[in-house]
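K.L.:
prediction below, plus the sequence it came from.
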Amino acid sequence: MNAPSDVIVIGAGVIGSAIAFFASQQGLSVTVLERGLPASGTSSACEGNILVSDKELGAELELTKFSLDTWRGDLAEHAGHWEFESKGGIIVASKESSLASLDRLTRAQGEYGIDVERVDIPRLREFEPHISPDALGAAWYPDDCQVQPMLVAGHLLNLARKNGAKVQVNTRVTGFVRHGETVTGVTTDRGEFHAPAVVNAAGSWSEHIAALAGVNVPVKPRKGFVMVTEPLPPMVHHKVYAAEYVDNVGSSDAGLQSSPVVEGTPAGSILIGSSRERVGFDRSVNTEALRQMATNAIALFPFLEKTRIIRHYHGFRPYCPDHLPVIGHDPRAPGLWHASGYEGAGIGLSAGTGKLMGQALAGLATDMSLAPFAPERFGEFTPNTMISQESAA
Amino acid sequence: MSKESTSPFDVAVIGAGPAGLAAAVAAAERGARVVVLDAATQPGGQFWRHRPESVEPDPEGHGHHGWKTYLDLRSRFDAAISTGVLHYLPNTQVWMIEREDAGRFVLRLTPATGTTIEVPTVRADKLVSCAGGYDRQLPLPGWELPGVMAAGGIQAFIKANGTLPGKRFVVAGTGPFLLPVAANIAAAGGKVVAVCESSSLTNWLPHMGAASGVPGKALEGAEYAAIFAKHRIRYRTRTVVTKVVGDSSATAVQIAKVDASGAIIPGSERLLEDVDIVGFGWGFTPQIELAVSLGAETRIDADGSLVCVADEKQSSTVPGLFLAGEVTGVGGAVLAVAEGYVAGASAANGEQPKTSTARQIQRHRRFASAMHQAHPVPEKWDELLTDDTLICRCEEVSHAQVTEARDVLGATDARTMKSFTRTGMGWCQGKVCGYAVSCLSAKGTTDENAQHASLTSVAKRPVATPLTLGEISTLDSREPHNL
């Protein structure tokens, strides 16, 4: 049998890695179980955003602010490991209707204390000289940041390891060990692991893990593509996206949605997003998604028409139907905890989540309340909420 | 041809090299309506690459092997074009393949680099991929210097231009392919300072049975021996280039003797000065990304390359997808032509190969396998890497970065290595460094499937060739159909 620990974390993506790090900082012994290799799921198939700009008011924005402070505070000394960059974000409106939405959003965010500034077209051209002549207005978010998410996971795991954590890769969780109702460990294809606290940080696959414990956590995969261009001299200097993006982030539509997100990278490639569709874990290429993304990106930056892409990738965002993550202890299965359902915000929210979960797992009061993210809000299984086929992949 | 979709073809053939020409001819002569897509301007592939026909016709095919075979295939190919059963699309690359409801293949095309032709979307019921391969490269100190080329790159340069990329050459690596490269350099007037072969020719002794089944290869060997003698080319076995030396471009190479494992024999190093071009060839990497994207099953061949599984009818594990040539295992042009005929006939009407053809293919495969075992990539090839040797030249990732990502961050496969260090993320998308990155990553794990998984991740290129966002934005709007 494997040596028992204080905490088992299922999943070595950014969320699991951050929890492992902060829990180990609290002096807890941690075992991370990963079915593949570190950051092999959604963490390696995203853009590494830490965004305040796309958040509506509410608990998620609170967590965003807390997380940003954690990135810049607790984790500041390691920022170089994962290429933390305060590049700033710009939302561009090119239609009268989206300009009105942008007005509403920035006013509300500004009142809430978010650092946001409306910029006129000449100023926008200073920020982004190659922006479309159709742009009508824009907003500037100096607090939008970027990290290299795989390096976040890799280095947080390594830091956790230095604190004594164990990381067991290529190990698939197959079930839970129970003492009565209480979760006391997991079974895996490499034997049993025991701990009084087990954290489900399996991202888009966390519905499946929760179901193994008999609890309902309705996190579904929401697929997205990213296209990567050939390396170019700097042409896009910030993270630039269209006002429609904010609407798409907040929508629940299962069908294909796309809105342009364009950003330059230190390596010279430009990343082009975004698309959203709920098609389970279907990995096939959706030509229509690529077509819409290309069309939208060209509308935002016309020079892109002649730019070549060299690859594209896709990932599965862990989508939660009420657009709030699931964080904290699950009273329906005592001993089981969750940290999942961040949809497209998981990278940004990982640091704050890790810190709060580290406190909670150590039995300390958390710096902010986890109540809005409580797992039991989904209630018990009913026949038609039983684990969907999407989750079984 | 207009940009609109064409009406569906019976058979689409990717590639117009030895395998592709044979497949196209075999299918067309059985009455199938065939389309051939090829990146080059004229047929022949890498093996029969030749000077522009309209400018400098060379009906004798100087410097070519099997030219008579080419002329025969070419006349049948041209005949099929003239009768309208074969449609030939040169200067065209396939960047993605989808499948429609009925299983029909939808080939998304882009003009080959440097051309601006309009390309259609092609639909076909059967697909034969004869995409060939490219030189396998291994990193070493100094390999980023101008003057370092792939051996096949030198060969292609000479065949396409009739001139040389430099004056004084070293050709190094392993395998019989180094011989024609050196011979062509000499024939074009270049000085071959040395050919460095990492293996010992005694490696062939256990495989003489397989070799004797293909007598033509022995004749080729004798021919090269005569050419080497005539041009005083030094053929050094059990010898590797340990580094390329130069400031702004290659000016010398350091060579050393190695033992059977590829470990350098101390004290055997020596400098070969006054060298301006170094050509490396460590065998070939089959170009299988399109087949892999369709779900074709793969295996690791005797040379360590990831290749696609094909049955006796050259059918892949994907219904309707046939494969011929290097994509099923590197084996040379004669084997590629034989497989091409079988694949084209199977795709056209499900025909079984004749027993004699099947035997010929088996014989050549045995020979290829013997050749791979006699000329392996040395087990200890990575011993000559220093910390600052670049592993990925596109993204300038050093050996030290790769080692740290593997040993500290747990990047024990090529996919994770790519995520952590950017190896293979640049312009070539891992075509150059993929094999080396797979080997180096897998050294950190005891997982015996790691190398297969790594090479598979390297072979996944959802954009098989770069294309503009403008082209993507005008794709015909159609939801994909999954099988």
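P.N.:
Structure received.
K.L.:
so which residues on the stretch 101-250 of chain B come close to chain A?
P.N.:
Residues of the stretch 101-250 of chain B lying close to chain A by C-beta under 8 Å from any C-beta of the partner chain are residue B:108. Backbone N, C-alpha and C define where each C-beta goes, glycine included.
K.L.:
could you pull out the strands for the stretch 101-250 of chain B?
P.N.:
Applying DSSP state E, counting those that start in this stretch to the stretch 101-250 of chain B gives strands spanning B:105-111, B:122-129, B:133-135, B:148-150, B:168-174, B:191-197, B:235-236, B:239-245.
K.L.:
same list (those) but as TSV, adding distance to residue A:302.
P.N.:
Output for the strands of the stretch 101-250 of chain B, formatted as TSV (distance: least, C-beta to C-beta, whole Å):
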stretch	distance to residue A:302
strand B:105-111	20
strand B:122-129	30
strand B:133-135	35
strand B:148-150	38
strand B:168-174	46
strand B:191-197	51
strand B:235-236	56
strand B:239-245	43
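K.L.:
once you drop chain neighbours, what's closest to residue B:466?
P.N.:
residue A:308 (4.1 Å; C-beta to C-beta, 6 or more residues apart in numbering or on different chains).
K.L.:
and that neighbour, how far from residue B:297?
P.N.:
Relative to residue B:297, residue A:308 is positioned 31 Å away (C-beta to C-beta, to the nearest Å).
K.L.:
try residue B:187
P.N.:
42 Å.
K.L.:
those two: who's more crowded?
P.N.:
residue B:187 (15 against 12; other C-beta atoms under 10 Å in any protein chain shown).
K.L.:
isn't that one right up against residue B:63?
P.N.:
Yes - with contact defined as C-beta atoms under 8 Å, residue B:187 counts as touching residue B:63 (6.0 Å).
K.L.:
for these two, list the residues in contact with both.
P.N.:
With C-beta atoms under 8 Å, 6 or more residues apart in numbering or on different chains applied, the contact sets of residue B:187 and residue B:63 do not overlap.
K.L.:
tell me who's in contact with the residue of the stretch 251-400 of chain B found nearest chain A.
P.N.:
Of all residues in the stretch 251-400 of chain B, residue B:395 sits closest to chain A, with a separation of 6.7 Å (C-beta to the nearest C-beta). Counting by C-beta under 8 Å, 6+ apart, residue B:395 touches A:267, B:421, B:422, B:423, B:424, B:425, B:426.
K.L.:
ok but the fifth one is inside a strand, no?
P.N.:
No - when the secondary structure is assigned by DSSP: H, G, I helix; E, B strand; the rest coil, residue B:424 falls in coil instead of a strand.
K.L.:
so what's the residue nearest to it when sequence neighbours are not counted up against?
P.N.:
For residue B:424, ignoring the flanking residues on the chain, the nearest one in space by C-beta to C-beta, 6+ apart is residue B:430 at 2.9 Å. Counting by C-beta under 8 Å, 6+ apart, residue B:430 touches B:392, B:414, B:418, B:423, B:424, B:437, B:458, B:461.
K.L.:
about what we covered before: partner residues bridging the residue nearest to residue B:466?
P.N.:
Beta bridges link residue A:308 to residue B:468, judged by DSSP bridges.
K.L.:
what do you get for the one 5 residues further on?
P.N.:
Beta-bridge partners for residue A:313, by DSSP bridges, are residue A:226.
K.L.:
show me what contacts it?
P.N.:
By C-beta under 8 Å, 6+ apart, the neighbours of residue A:313 are A:45, A:225, A:226, A:228, B:462.
K.L.:
the last one contacts residue A:310, correct?
P.N.:
No - Residue B:462 lies out of contact with residue A:310 (C-beta under 8 Å); the separation is 10.4 Å.
K.L.:
so where's the stretch 1-150 of chain B shaky on pLDDT?
P.N.:
Applying pLDDT under 70 to the stretch 1-150 of chain B picks out residues B:1-6.
K.L.:
tell me where it has helices.
P.N.:
Using DSSP state H, counting those that start in this stretch, the helices of the stretch 1-150 of chain B run over residues B:18-28, B:67-82.
K.L.:
again with the stretch 51-200 of chain A
P.N.:
For the stretch 51-200 of chain A, the helices defined by DSSP H, counting those that start in this stretch occupy A:59-72, A:96-111, A:121-127, A:149-162.
K.L.:
least reliable of those going by mean pLDDT?
P.N.:
Note on the helices of the stretch 51-200 of chain A: lowest mean pLDDT is at helix A:96-111, with a mean of 89.
K.L.:
touching that helix from outside, list them.
P.N.:
So helix A:96-111 is contacted by A:52-53, A:55-57, A:91, A:93, A:116, A:118, A:136-139, A:242-244, A:246-247 (C-beta under 8 Å, 6+ apart).
K.L.:
ChimeraX command to pick out the buried ones of those?
P.N.:
With 16 or more other C-beta atoms under 10 Å in any protein chain shown as the criterion, this ChimeraX line picks the buried residues out of these:
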select /A:52,53,55,91,93,116,137,138,139,242,243,244,246
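K.L.:
residue ranges of the strands in the stretch 101-250 of chain A, please?
P.N.:
A:117-119, A:137-141, A:145-146, A:166-168, A:173-179, A:182-188, A:191-194, A:197-200, A:220-229, A:239-242.
K.L.:
what sits against the residue nearest to the spatial centre of chain A?
P.N.:
With distances taken as C-alpha atoms, centre = their mean, the residue of chain A nearest its centroid is residue A:346 (1.8 Å). Residue A:346 sits next to A:13, A:14, A:15, A:42, A:43, A:46, A:203, A:317, A:318, A:325 when contact means C-beta under 8 Å, 6+ apart.
K.L.:
just send the residues you listed back as a markdown table, with pLDDT, secondary structure and neighbour count too.
P.N.:
A markdown table is the format used below for the contacts of residue A:346 (pLDDT from 0 to 100; DSSP: H, G, I helix; E, B strand; the rest coil; neighbours: other C-beta atoms under 10 Å in any protein chain shown):
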| residue | pLDDT | secondary structure | neighbour count |
| --- | --- | --- | --- |
| A:13 | 98 | coil | 31 |
| A:14 | 98 | helix | 37 |
| A:15 | 98 | helix | 35 |
| A:42 | 95 | helix | 26 |
| A:43 | 94 | helix | 27 |
| A:46 | 91 | coil | 23 |
| A:203 | 97 | helix | 27 |
| A:317 | 96 | strand | 26 |
| A:318 | 96 | strand | 28 |
| A:325 | 97 | coil | 26 |
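K.L.:
which of the residues you listed lies closest to chain B?
P.N.:
residue A:43 (8.4 Å).
K.L.:
pretty sure residue B:347 is in a helix, no?
P.N.:
Yes - under three-state DSSP, residue B:347 sits within a helix.
K.L.:
quick one: residues contacting it.
P.N.:
B:10, B:11, B:23, B:27, B:32, B:126, B:127, B:128, B:322.
K.L.:
spatially, what comes nearest to it if we skip its sequence neighbours?
P.N.:
Nearest to residue B:347 is residue B:126, by C-beta to C-beta, 6+ apart, at 4.1 Å.
K.L.:
what's across from that neighbour in the sheet?
P.N.:
Applying DSSP bridges, one finds that residue B:126 bridges with residue B:11.
K.L.:
tell me who's in contact with it.
P.N.:
Applying C-beta under 8 Å, 6+ apart to residue B:126 gives the contacts B:10, B:11, B:12, B:32, B:105, B:320, B:321, B:322, B:347, B:348.
K.L.:
go again with 6 Å.
P.N.:
Taking C-beta atoms under 6 Å, 6 or more residues apart in numbering or on different chains, we find residue B:126 in contact with B:11, B:320, B:347.
K.L.:
ditto for residue B:75
P.N.:
Residue B:75 touches nothing, counting by C-beta under 6 Å, 6+ apart.
K.L.:
mind giving me the packing neighbours of the lengthiest helix in chain B?
P.N.:
Secondary structure of chain B per DSSP state H: the longest helix is helix B:355-374. Counting contacts by 3 or more C-beta pairs under 6 Å, 6 or more residues apart in numbering or on different chains; DSSP states H and E, helix B:355-374 packs against helix B:208-212, helix B:333-349.
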